[in-house]
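Student: task: produce atomic coordinates for the following.
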Amino acid sequence: MTSTPETYITDEMRAYIGTETPPLVSPPISQSEIRRFAMAAYWPEVPPRRFWDEDYAKTTRWEAIVAPAEYNPFAWMIGRANIGPQPDRIDAEQEEIESKRELRPPGAPERYLFGGTTAEHFVTMRIGDVISSVVSLVELYERTGRLGLMLFYVLEERWTNQNGELVQTIRSDNILY
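Tutor: Numbers count the residues shown, from 1 in each chain. This next block holds a predicted model:
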């Protein structure tokens, strides 16, 4: 049986706090994408008109169609062919991007549990916005539970628009043991 260390947190891990990923940049948000997302998110109900009715949206405080706060401009960025059989997994380039954005601390245990996310929304996304996402490691701590010693690492993803305005932050708790 493998013995559990007294601590997983090393000086190398502590130095890793604050590490940021290179930015991931979305394509410009389109009216069609907002409409389709709202239809799917509100199904079987009709989505609020500010997400699809241009004339109505002009009368709102936003004065134009806006995206729901939960809209993800990165959802369709997986690099796949447009024709023929589709791969079972994302391609190598996309997999490399995803693994870099994971920011797993160096030397951390391999077994993984997802601990959940929280999001805070700030500026509303609009048609034509280009969103940039940067993920950073913001916190490391340990707890002992039924699984033994567990390493928690907290990531913060910050979305900004082309004007540098903060769109949202997403904090995710990740557990390694």
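
Student: quick one, helices of this structure?
Tutor: 11-16, 31-42, 54-57, 92-102 (DSSP state H).

Student: please tabulate the ones you listed in TSV, including the columns mean neighbour count.
Tutor: C-betas here are computed from N, CA, C, even on glycine. What follows is those, written out as TSV (neighbours: other Cβ atoms under 10 Å):
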stretch	mean neighbour count
helix 11-16	12
helix 31-42	16
helix 54-57	13
helix 92-102	12
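
Student: okay, these in JSON lines with mean pLDDT next?
Tutor: Putting these into JSON lines (pLDDT from 0 to 100) gives the following:
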{"stretch": "helix 11-16", "mean pLDDT": "92"}
{"stretch": "helix 31-42", "mean pLDDT": "96"}
{"stretch": "helix 54-57", "mean pLDDT": "97"}
{"stretch": "helix 92-102", "mean pLDDT": "68"}
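
Student: of the ones you listed, which is nearest residue 146?
Tutor: Residue 146 lies closest, by Cβ to Cβ, to one member of the helices of the chain: helix 11-16, at 23.3 Å.

Student: what's the closest one packed up against?
Tutor: The contact analysis (3 or more Cβ pairs under 8 Å, 6 or more residues apart in numbering; DSSP states H and E) places helix 11-16 against strand 132-145.

Student: picking that back up, can the helices of the chain go into CSV with extra columns for distance to residue 76?
Tutor: Formatted as CSV, those follow (distance: least, Cβ to Cβ, whole Å):
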stretch, distance to residue 76
helix 11-16, 31
helix 31-42, 8
helix 54-57, 22
helix 92-102, 12
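
Student: which secondary element of this structure has the worst mean pLDDT?
Tutor: Among the helices and strands of the chain, helix 92-102 carries the lowest confidence by mean pLDDT, DSSP states H and E, at a mean of 68.

Student: wait, isn't residue 34 in contact with residue 51?
Tutor: Yes - at 5.8 Å, residue 34 and residue 51 qualify as touching, with contact defined as Cβ atoms under 8 Å.

Student: what do those two both touch?
Tutor: 65, 66, 67, 68 (Cβ atoms under 8 Å, 6 or more residues apart in numbering).

Student: of those residues, which is the most crowded?
Tutor: residue 67 (24 neighbours; other Cβ atoms under 10 Å).

Student: that one: what's its closest spatial neighbour, skipping adjacent residues?
Tutor: residue 125 (4.0 Å; Cβ to Cβ, 6 or more residues apart in numbering).

Student: I figured the one you found hits residue 74, correct?
Tutor: No - at 11.6 Å, residue 125 does not count as touching residue 74 under the criterion of Cβ under 8 Å.
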